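# What would the 3D arrangement of this be:
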Amino acid sequence: MQALHLLALDPVLETVSDPNSYGFRKNRSTADAMSQIFVRMSQRTSAQWVLDADIEGFFDNINHDWMIDHVRMDKSILRKWLKSGVVDWAQLLATTAGTPQGGIISPALANWTLNGLETELIEHLCVRFGPSKFQKLKVGVIRYADDFVVTGASQELLETEIRPWIEAFLARRGLRLSQAKTKIVHIDQGFDFLGWNFRKYEGKLLIKPSKKNVKAFYEKLRKIIGEQLMAKQEDLIRLLNPMLRGWAQYHSPVVAKQAFSYMQSLMFWRLMRWAKRRHPKKPTDWIRKKYWRKIGDRSWVFAVDVATKEGGKGVMELYSLAGTTIERHRKIKGDYHPYDPQCEEYGEALRQERMLKSMSYRKEWAKLYFDQRGLCALCGYEMNLDTGWHDHHMEYRVMGGSDALGNRVLLHPNCHKQVHSLGLKVVKPVPV
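The predicted model follows:
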């Protein structure tokens, strides 16, 4: 039932959301929040001070009355959800505040609670100082779920003007800032946000994986490897590779080469310890030859021979963190609305760009290209690497269209623009 209400609530929520709110929203991610901080703070003339805020017990303390009065959905249904209680150790406990973490609609309710933090703050400052002086204050709010930072031109501005306003904004919602964790720092000192460290070195902003994030990830790997002493090498690699790949891809848009090399070095010694514990009486050279090998120009690759699906032999190797490509993330537009037909073309282009590295997506493209015999579905002329192509949804995604191949065709980029600007209809070509 929550999922059905969310279908109706989400388009309304997107309409009233702050431009630089990135948590639990379609096509937005932590990388977009990181990119916005880079936009706000990378220049020499950018804001130099940051309010690094932390809300105390966010999900547990949201005021029920505020949500019932302000969230635009059936109030009786919302009241029943909020007041339904929780079962802990076979005992029903009353819920007088907060929204349960893990509920289908909880992220939407959380976003609704904090919406206005950016737009209302800017409106307040414009009235307080005037539009022209406001620009000199260099104020920007970047939020991901309940984590947010506020940039400003001076420490005094953040301390005496912005922090009190935010505290009053949160108090109306039953929330408050953590006095211990909320701090105002200079960008030369740096701050951590969403697993990254943001800091300027001699005037240049560098974003790196935070020490806390690196340490936590290593501890997770160390624990898993320690628990798999009797596991086969193949099973251990299968267990570690998704974790290593996911961590590397998360940090691939930032300055992470040094962190990747450091983590790979720690992994090597951890795996060597794992191997020696399995074979305590064997010499190091024997262990090296059994578990490590040379692949191409890379030595000491943790790898094992495996059987392929076709019945042949293949090699499974541990994911190479040091080999991860660093690629700058393209930030989503702040005013992008996933339910606005005017944003459909932009949304398709953004999705296409972000999915390029996905092997499954490439296979879908190949299938569409083959079915269309390499011809544009609108003009009928050939598409190639020189002309390029765009992935178009015949029934717009904002209108409920799916990502199934039956709802997609490939078009020339210019033909794609014509389809959206002129409202043209495209018929899917008959497959070969």
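# CA only for contacts and neighbour counts going forward, please
Fine.
# Can you verify my assumption that Asn111 contacts Tyr144?
No - counting by CA atoms under 8 Å, no contact exists between Asn111 and Tyr144, whose distance comes to 9.1 Å.
# Can you pull the residues that touch both of those two?
Each of Gly23 lies in contact with both Asn111 and Tyr144 under the rule CA atoms under 8 Å, 6 or more residues apart in numbering.
# where do the helices sit along the stretch 251-400 of the chain?
Per DSSP state H, counting those that start in this stretch, the stretch 251-400 of the chain carries helices over the ranges 257-278, 284-291, 344-354, 359-371.
# do the same with the stretch 101-250 of the chain
Using DSSP H, counting those that start in this stretch, helices in the stretch 101-250 of the chain cover 106-114, 117-129, 131-137, 155-157, 163-171, 211-227, 233-251.
# Reformat these as CSV; add mean neighbour count and distance to Ser42.
CSV is the format used below for the helices of the stretch 101-250 of the chain (neighbours: other CA atoms under 10 Å; distance: least, CA to CA, whole Å):
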stretch, mean neighbour count, distance to Ser42
helix 106-114, 20, 26
helix 117-129, 16, 20
helix 131-137, 13, 16
helix 155-157, 15, 18
helix 163-171, 16, 23
helix 211-227, 14, 21
helix 233-251, 16, 18
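# Adding mean pLDDT and distance to Pro19, write the ones you listed out as TSV.
Listed next are the helices of the stretch 101-250 of the chain as TSV, based on pLDDT from 0 to 100; distance: least, CA to CA, whole Å:
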stretch	mean pLDDT	distance to Pro19
helix 106-114	93	12
helix 117-129	96	8
helix 131-137	93	17
helix 155-157	96	22
helix 163-171	97	18
helix 211-227	96	27
helix 233-251	96	23
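# Any stretches of this structure with poor pLDDT?
By pLDDT under 70, the low-scoring segments of the chain are 359, 432.
# so how far is Leu271 from the residue nearest to Ala303 when sequence neighbours are not counted?
In space, and not counting its chain neighbours, Ala303 is closest to Glu317: 4.0 Å by CA to CA, 6 or more residues apart in numbering. Glu317 sits 13 Å away from Leu271 when distances are taken as CA to CA, to the nearest Å.
# now swap in Lys215 and tell me
Following CA to CA, the distance that separates Lys215 from Leu271 is 17 Å.
# likewise Gly23?
36 Å.
# Give me the more crowded residue out of the two.
Neighbour count, other CA atoms under 10 Å: between Gly23 and Leu271, Gly23 has more, with 21 against 17.
# my guess is the more buried one meets Tyr144, correct?
Yes - with contacts counted by CA under 8 Å, Gly23 reaches Tyr144, the gap being 4.3 Å.
# Common neighbours of the two, please.
Thr30.
# which residues does the residue lying closest to Lys257 once chain neighbours are set aside contact?
Excluding its sequence neighbours, the residue lying closest to Lys257 (CA to CA, 6+ apart) is Ala322, at 6.6 Å. If you count contacts by CA under 8 Å, 6+ apart, Ala322 has them with 257, 260-261, 264.
# what distance separates the lengthiest strand in the chain from the centre of its chain?
Ranked by residue count and defined by DSSP state E, the top strand of the chain is strand 298-307. Put simply, strand 298-307 sits 32 Å off its chain's centre (CA atoms, centre = their mean, to the nearest Å).
# before we move on, what about stretch 177-193?
22 Å.
# Please save the CA atoms from that stretch in PDB.
The C-alpha coordinates for stretch 177-193 follow below in PDB (Å, rounded to 0.1, in the frame of the first residue of the first chain):
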ATOM      1  CA  LEU A 177      21.700  19.600  15.100                       C
ATOM      2  CA  SER A 178      24.300  17.500  16.900                       C
ATOM      3  CA  GLN A 179      26.400  19.900  19.000                       C
ATOM      4  CA  ALA A 180      29.300  17.400  19.000                       C
ATOM      5  CA  LYS A 181      29.400  16.600  15.300                       C
ATOM      6  CA  THR A 182      28.300  19.900  13.700                       C
ATOM      7  CA  LYS A 183      31.300  22.100  13.000                       C
ATOM      8  CA  ILE A 184      32.400  25.100  10.900                       C
ATOM      9  CA  VAL A 185      35.700  24.500   9.000                       C
ATOM     10  CA  HIS A 186      37.900  26.300   6.500                       C
ATOM     11  CA  ILE A 187      38.300  24.500   3.200                       C
ATOM     12  CA  ASP A 188      42.100  24.500   3.800                       C
ATOM     13  CA  GLN A 189      41.400  22.400   6.800                       C
ATOM     14  CA  GLY A 190      39.100  20.100   4.900                       C
ATOM     15  CA  PHE A 191      36.000  18.100   5.800                       C
ATOM     16  CA  ASP A 192      34.500  14.700   5.200                       C
ATOM     17  CA  PHE A 193      31.200  14.200   3.400                       C
END
